[in-house]
Structure formats: C-alpha cells, structure tokens
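J.: Structure, please.
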Amino acid sequence: MNTKRSLSFLVLIVFLLPLTISCGRFGNKDSKQDHKERIVCISKQYSEIVYALGAQQDIVAVDVSSTYPPEIKKLPTIGYHRALSAEAILAMKPTLILQDNNIGPEHVVKQLNDLKITMKDFGQHSNTIAGTDSLIREMGAWFHHETQADSLCRKLDKDMNLALESAKQYTHPVKVLIIHFGQASNIYLVMTKKSIAARMLEWAGGTMAVDDEKGMKQISPEIVAMSDPDVILLTDFGYDRLGGSPEKIKELPGVASTRAFRNHRIFRIEEHDLVYLGPRTGENVLQIQKLIHQDAK
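T.: As a prediction, this is how the structure comes out:
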C-alpha cells in the first residue's frame, strides 16, 4: 500500500513539474512565489524606470525590447510590444499590465480588456527632460518610492547640465548617421531627425544626417551616400549581427563610400540608450559626446 502511495505521489510531481516552468529570454524561470501583484511591463522606458526606482519586486515578465538594466534579461518575456499574443501574456497570470499606449495588435488589446485585466499607463509626458522628470516622479509616487524618484531626477538634471555645458565647445556639429537593425521587420534602418536619438545628438553637439517624416526609414545606398556622415553609430544588435567586422559593415548599403568609413569612425552603441528618455539620459548624452567627437578631423 505504501509503495502504491509513493508511486502515485511521484506521478503527480512529474505531471505538475512542467506547469511550474516559465520560459524566459534565455530559458529563465519566474522563481518568485511571493509577489503581492503579478505585473507584466510592456514598455522599455517604464521597465528601466521601475528598476531605477527599486520597485521591480512584483515584475514577473517584460516585452523583448526591455533590455536595461542587464538583470532584466533574467525575466521571462511576452514578445514584441507591437506584436503581442494574449496567450503569452496570460501564461504569466498577470494581475496588472503596465503599458505606454504603444502596444498591439488591436485585437490582442481588446482581448485583454475583455478579460478585465487591469492595465495602467502613466499618461502623456513630453519627450523632454522636464517631461522625463515628471514621468519619473509620477511613477515614483505610484510605487511609493518618492525619495528615490527625487534622487533620480536630481541626477538626471545634473548630468544633462554637464552634457549641455560640455557641448558648447563643439562649434561645428558632427554629422551622424545611426543605423539600426529592426528585429521586427528584419531589415536595417536609419534613424532620422524625427527620432529621440536626433534630440540626444543635438544635446551632444551633433546633428542627424537623415531627415524624414518618420522616425526611421529603410537604409538604401542613395540615403547613405547623400548623408555622407562624419560618424556612423551602429546599434548593438545590428553591430553584433555583423560581428563588428569592418569588412561586413562596409557591405551595408552605401556605407563604404562614406567619410565615416574611410576615417574609421564607426562605433557600436546600445539601442536602449537612444530610443527613449529616462533616468540615464544625461549619462547617455555624455557617452554619445565621447563617441562622436573622438578623433575628430
């Protein structure tokens, strides 16, 4: 009789074990069992701010674009923020979804609303340092981390003042082309003057080489040749995809003909440092300054 009970218990454990596993970005598991809430965060900007506030204890999953800070990669992911599936989100058993009104497709958003899953956004904040301060403080108040929010804002303002003062020494803006590999579209793109990155370049003493009505457009030999940048910044995924090899990089449309390529002024930069404003924006602008002005001719 004891043998039968032991066997039945073993079978039950084997059956239940797969149900406890949640696949993450690198096969990681959601090992926390004491969440007061189960928060899925679908916004790279929100994700970084939550971690900077020290309020991440109830985050159980994020979207794949949430890549900072590095420890966030230990969390399971629920897909790309504009190509979500309800199944992946529901598998995390969320009690709350944080999102910045830039999620889709629409039918998935409708499914989540129909299921009465609480969704929270922090409203519209301008893409300025003042707007970023406001967002950080609002999120700090919501998570009851007001002191940390105040500290983050003071550091952001201090770093930005330092960056802007440093930029005054550069009387001729460096023309910069930013090339980004769009994982969703599986093509290389160039950022334009309509992007957040363009504003950061301006603060750093540079100027975006390409203009367009959209924030990004597909790379082409004509676009690159016409822009003829002094510097090319290649975001991390696209750079690493080419192995950082100059021989591979010059195969990108039009790149080999540019001053940047001839002068060996092509540098790697993290995508998440360019595409939204957050607590580290001042630090990031200072880093951009170092990249685009080094070895200037």
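
J.: P76 contacts M92, doesn't it?
T.: Yes - using C-beta atoms under 8 Å, P76 is in contact with M92, at 6.7 Å. All C-beta spots, glycine's among them, are computed from the backbone N, C-alpha and C.

J.: helices and strands around the lengthiest strand in the chain, which ones?
T.: Of all segments of type strand in the chain, defined using DSSP state E, the longest is strand 174-182. Judged by 3 or more C-beta pairs under 8 Å, 6 or more residues apart in numbering; DSSP states H and E, the packing partners of strand 174-182 are strand 187-191, helix 196-204, strand 206-208, helix 221-227, strand 231-235, helix 236-241, helix 281-293.

J.: biggest helix in this protein, by residue count?
T.: helix 146-167 (DSSP state H).

J.: could you give the mean pLDDT of the host helix or strand of L98?
T.: Under the criterion of DSSP states H and E, L98 resides in strand 96-99. Mean per-residue pLDDT for strand 96-99: 98.

J.: in its sheet, what does it sit against?
T.: Sheet pairing here is set by DSSP bridges, and for strand 96-99 it gives strand 39-42 (parallel), strand 118-120 (parallel).

J.: Highest mean neighbour count out of those strands?
T.: Ranked by mean neighbour count, these are led by strand 39-42 with a mean of 26 (mean count of other C-beta atoms under 10 Å).

J.: residues of the host helix or strand of A141 that come out buried?
T.: Assessed by DSSP H and E, A141 sits inside helix 129-142. Neighbour-count burial for helix 129-142 flags 129, 132-137, 139-140 (criterion: 16 or more other C-beta atoms under 10 Å).

J.: Determine which of the strands paired with strand 96-99 approaches V190 most closely.
T.: Nearest to V190, of all the strands paired with strand 96-99, is strand 39-42, at 26.2 Å by C-beta to C-beta.

J.: Off-centre distance for the closest one?
T.: Relative to the centre of its chain, strand 39-42 is centred 14 Å away, using C-alpha atoms, centre = their mean, to the nearest Å.

J.: Contacts for it next, please.
T.: 47, 50, 58-63, 66, 78, 81, 84, 89, 92, 94-100, 103 (C-beta atoms under 8 Å, 6 or more residues apart in numbering).

J.: out of the residues you listed, which are buried?
T.: For these, a neighbour count by 16+ other C-beta under 10 Å gives the buried set as 47, 50, 58-63, 66, 78, 81, 84, 89, 92, 94, 96-100, 103.

J.: possible to save the strands paired with strand 96-99 as CSV with distance to F237 and mean pLDDT?
T.: Listed next are the strands paired with strand 96-99 as CSV, based on distance: least, C-beta to C-beta, whole Å; pLDDT from 0 to 100:
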stretch, distance to F237, mean pLDDT
strand 39-42, 19, 98
strand 118-120, 28, 97
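
J.: now G104, nearest residue through space, not along the chain?
T.: Nearest residue to G104, sequence neighbours excluded (C-beta to C-beta, 6 or more residues apart in numbering): R82, at 4.8 Å.

J.: Domain-wise, how is the protein divided?
T.: Following automatic domain parsing, one finds the domains of the chain at 21-120, 170-293.

J.: Mind checking these for the one nearest to N161?
T.: Per C-beta to C-beta, nearest to N161 of those: domain 170-293, 7.9 Å.

J.: quick one on the thing from earlier: out of the strands paired with strand 96-99, flag the one nearest H145.
T.: So among those, strand 39-42 is nearest, using C-beta to C-beta, at 14.2 Å.

J.: what pLDDT, on average, does the helix or strand following that closest one get?
T.: Once the chain leaves strand 39-42, the next helix or strand it forms, by DSSP H and E, is helix 44-53. Across helix 44-53, the average pLDDT comes to 98.

J.: could you point out which element follows helix 44-53?
T.: Reading on from helix 44-53 to the C-terminus, the next helix or strand found by DSSP H and E is strand 59-62.

J.: helices and strands around the helix or strand following that following strand, which ones?
T.: Sequence-wise, the next helix or strand beyond strand 59-62 is helix 86-90, with elements assigned using DSSP H and E. Here helix 86-90 touches helix 106-114, going by 3+ C-beta pairs under 8 Å, 6+ apart.
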